[in-house]
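Student: What follows is a predicted protein model with its sequence.
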Amino acid sequence: MNRNGINPKIRDLAQKLLSLESPAKNLSDANIFAALMVSEKLRRPLSTLAGTAGFRSLLMRALTLAKREAPGLDGVQVKEDGSLEGLNGEETEAGTVLIAHLVGLLETFIGEPLTLRLLNEIWPKLSGVDTNSEGKESI
Amino acid sequence: MKEHKGVRINKLPSGVPGLDEILGGGLPEFSFNIVAGAPGCGKTTLAHQFIFANATSDRPALYFTVLGEPALKMLRYQQQYSFFDAEKLNNAVHFINLSKALVDGGLQGVLKEISQQVEASDARIVVVDSFRSVLRSEQHDGREMAAQIFVQELALLLTSAEATTFLIGEYGESEMQDNPVFTVADGLFWLYQQVERNSVVRKLQIMKLRGQMSVPGLHTFRITDSGLQAFSRTLGLMARKPKAAIKKRLSTGIAALDEMMGGGIPQGDSLLIAGPSGTGKSLMATQFIAAGIRAGEPGIVAVFEERPEEYAGRAATFGLDLATPLRQGDLEVIYLRPLDLSVDEMMQEILDAIERTGAKRLVIDSLAGFELALAPGFRIDFRESLYRMIFALTGKGITVLSTLEMTESFTELLFSTYAISFLTDDIVRMRYVEIDGQLRKIMMVVKMRGGAHSSDIREYRITSDGIDIGDCLKDYTKLITGLPTRTKGPGIVEKSSDFTT
């Protein structure tokens, strides 16, 4: 994960997660809806692992980073229980950016193998995704 | 033999090398244990080693985290250890955060959550980290009883669920008295981390372990990339084999010295070679090892003052080929020079080398170097540790030759410093004497526990072929002071021609 932007591999992974939740392509509404679904599906296992506060702080950090790239997320907030509110379909890529930052943070903390393991448990169809980025940056 | 009719307690591997032996075979199944100690002493790592060694998808482990180290960071750090198996995550090992349950429901909320999770997963291993933070939430304003009841209920719950439990807490030793947690626990493991000068000394103690005999006392442990490794203070060699009445004699590699010792060193003895710098102690040790190799007895040399390649190179200058046995695995030179070593770690290195080589002979060159390599905190116990080590090694039938550098005095003869002479079966003393304006060397066998030995004080020289022992210096008295007096007429200078070089 690059502090100045999203690793292309992570962006691809985020895009794939969103596509698993919403088959429709290139529609901002679908993108936001899918991001909401991905975040919700991550919330439960990550809250179990890190606590509600742990997941919430992770998501809030991801949102802060995502807002720099997707101003359309300005109105979005993380609720006490770690769910999102205020998401709308004004910006096509906003959902992808948010999820990419969330996955990127996870990878930063626990590494690529464990991150993929967690994601694969939630989305079994994700298995087989190679996220290794040119041997220098993970995911 | 009395037949054992009681319930047989299954023992689980701790996952920590050396700890099972200290525990008396492993961790009792279904036991309710506390791991206590100050921050940073390895409590969490120990618990992780245990769960990764035992958890399977059929017998999963639940690792509950509470208001302590964030779980993501715990995973971040713990996966650096080689025992961490990512494949077991969320399959055999489940991490569950209890913070919300504690904040929302207090102790009863925690108990309910643990109960539900254990029942749902059929967990057989449960860890609560940090348990101390769970109890702290109620140990105020006269709520101590609530904490005590909670501990009691948790113990009942987890025992009924057939779970083996570790509760991890940052406790001080002063808290041990009247603490209900410690009363309920079946096992109490205390980890210590002490800073001695610039070194860190880690030790653990099994304060309590119901159902089986653990090894009492403080045991050294180390944390490496592989996690904790413990070293039993008994070195795993409690029972010394009875020494045979008539023991085989091993050659020192110096025929005249063998003769002085009544035929060589009795096998399984501990021999101390003491003398000042430059008297040839290391050379004698090298000749002893080389003689063993020639006799088909593999050997180990523990050196602290030179590297293995230097050791073999120096031996070669005396015509002793140690490079070949080193290459072939009949000889191992262990070079240890960390300044925070413990005797137990050294012992483990030696035991591992004995296992690999089938060694019959061991050289420790030198005890002074060995002591210097120890962390200051371990040096205090050096004498006792050395006793345990030599006792254990000779009990395995290993013949041990140690060298010891002595500060030379020209008015008296000390047999050895450290008051360790009682630790050894045999002592050979080397020293300088001034004769006719020359600094010459003499050697004597001071002690042979196993039998008679020569009482001669003999001059020797160091030649390109090794140590060459000459005749007994019969024309002098007070030789052992280093400043002898001639007792007979001229001739002592000519005596030196008696050497066969």
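Tutor: In hand now; what should we look at?

Student: Report all helices and strands that the helix or strand hosting A:Leu49 contacts.
Tutor: Using DSSP states H and E, A:Leu49 sits in helix A:28-50. The contact analysis (3 or more Cβ pairs under 8 Å, 6 or more residues apart in numbering or on different chains; DSSP states H and E) places helix A:28-50 against helix A:8-21, helix A:52-69, strand A:84-85, helix A:94-110, helix A:112-122, helix B:71-78, strand B:93-97. C-beta here means a position set from N, CA and C on the backbone, and glycine is covered the same way.

Student: any idea how far that helix is from the chain center?
Tutor: The chain centre lies 7 Å from the centre of helix A:28-50; the measure is Cα atoms, centre = their mean, to the nearest Å.

Student: Pull out the buried positions in that helix.
Tutor: Applying a neighbour-count criterion of 16 or more other Cβ atoms under 10 Å in any protein chain shown, one finds A:28, A:30-39, A:41-43, A:46-50 buried in helix A:28-50.

Student: now do stretch B:305-312
Tutor: Buried residues in stretch B:305-312, counted by 16+ other Cβ under 10 Å: B:Glu305, B:Glu306, B:Pro308, B:Tyr311, B:Ala312.

Student: Looking from chain A, tell me which residue of the stretch 201-350 of chain B is nearest.
Tutor: Residue nearest to chain A within the stretch 201-350 of chain B (Cβ to the nearest Cβ): B:Asp225, separated by 15.9 Å.

Student: which non-adjacent residue is nearest that residue?
Tutor: B:Ser82 (5.8 Å; Cβ to Cβ, 6 or more residues apart in numbering or on different chains).

Student: quick one: pLDDT of the one you found?
Tutor: Looking at B:Ser82, its pLDDT is 95.

Student: what about it, which SS state?
Tutor: Using DSSP: H, G, I helix; E, B strand; the rest coil, the structure places B:Ser82 in coil.

Student: I'd like the distance between it and B:Lys478.
Tutor: 62 Å (Cβ to Cβ, to the nearest Å).

Student: List the contacts of the most centrally placed residue in chain A.
Tutor: With distances taken as Cα atoms, centre = their mean, the residue of chain A nearest its centroid is A:Ile99 (1.8 Å). By Cβ atoms under 8 Å, 6 or more residues apart in numbering or on different chains, the residues touching A:Ile99 are A:Ala14, A:Leu17, A:Leu18, A:Ala35, A:Val38, A:Ser39, A:Ala62.

Student: And the second one, how close does it get to A:Asn31?
Tutor: Spelled out, it's A:Leu17. Distance of A:Leu17 to A:Asn31, given as Cβ to Cβ: 11 Å.

Student: what's the distance between whatever residue of chain A ends up closest to chain B and A:Leu65?
Tutor: In chain A, no residue comes nearer to chain B than A:Gly51, which is 3.5 Å away by Cβ to the nearest Cβ. For A:Gly51, the distance to A:Leu65 (Cβ to Cβ) stands at 21 Å.

Student: the more surrounded of those two?
Tutor: Ranked by neighbour count (other Cβ atoms under 10 Å in any protein chain shown), A:Gly51 and A:Leu65 place A:Gly51 first, with 26 against 21.

Student: Run through the bridge partners of the residue lying closest to the more buried one once chain neighbours are set aside.
Tutor: Using Cβ to Cβ, 6+ apart and skipping the chain neighbours, the partner closest in space to A:Gly51 is B:Asn97 (3.5 Å). Beta-bridge pairing for B:Asn97 (DSSP bridges): B:Thr65.

Student: buried stuff in the lengthiest helix in chain B?
Tutor: As assigned by DSSP state H, the longest helix anywhere in chain B is helix B:99-121. The neighbour-count check on helix B:99-121 (16+ other Cβ under 10 Å) flags B:99-103, B:106-107, B:110-111, B:113-115, B:117-118 as buried.

Student: Equivalent analysis for stretch B:175-190, please.
Tutor: Neighbour counts over stretch B:175-190 (16+ other Cβ under 10 Å) mark B:Asn179, B:Pro180, B:Val181, B:Phe182, B:Val184, B:Ala185, B:Asp186, B:Gly187, B:Leu188, B:Phe189, B:Trp190 as buried.

Student: Do I have it right that B:Ile9 meets B:Gly211?
Tutor: Yes. With contact defined as Cβ atoms under 8 Å, B:Ile9 reaches B:Gly211; the gap is 5.0 Å.

Student: how about the residues of chain A that lie near chain B?
Tutor: Contact residues (Cβ under 8 Å from any Cβ of the partner chain) of chain A with chain B: A:45, A:47-54, A:58, A:106, A:109-111, A:113-114, A:117-118, A:121.

Student: Only alpha carbons, please: show the helix holding A:Leu49 as CSV.
Tutor: What follows is helix A:28-50, C-alpha atoms only, in CSV (Å, rounded to 0.1, in the frame of the first residue of the first chain):
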residue,chain,number,x,y,z
SER,A,28,-22.2,4.7,-10.0
ASP,A,29,-25.2,3.4,-8.1
ALA,A,30,-24.1,-0.1,-8.5
ASN,A,31,-20.6,0.8,-7.4
ILE,A,32,-21.7,2.4,-4.2
PHE,A,33,-24.2,-0.3,-3.4
ALA,A,34,-21.5,-2.9,-3.9
ALA,A,35,-19.0,-1.0,-1.7
LEU,A,36,-21.7,-0.9,1.0
MET,A,37,-22.2,-4.7,0.7
VAL,A,38,-18.4,-5.4,0.8
SER,A,39,-18.0,-3.2,3.8
GLU,A,40,-20.9,-4.9,5.6
LYS,A,41,-19.5,-8.3,4.8
LEU,A,42,-16.1,-7.4,6.1
ARG,A,43,-17.6,-5.8,9.2
ARG,A,44,-18.7,-8.9,11.0
PRO,A,45,-15.6,-11.0,10.8
LEU,A,46,-13.3,-8.1,11.3
SER,A,47,-15.3,-6.9,14.3
THR,A,48,-15.0,-10.4,15.8
LEU,A,49,-11.3,-10.3,15.2
ALA,A,50,-10.4,-6.8,16.1
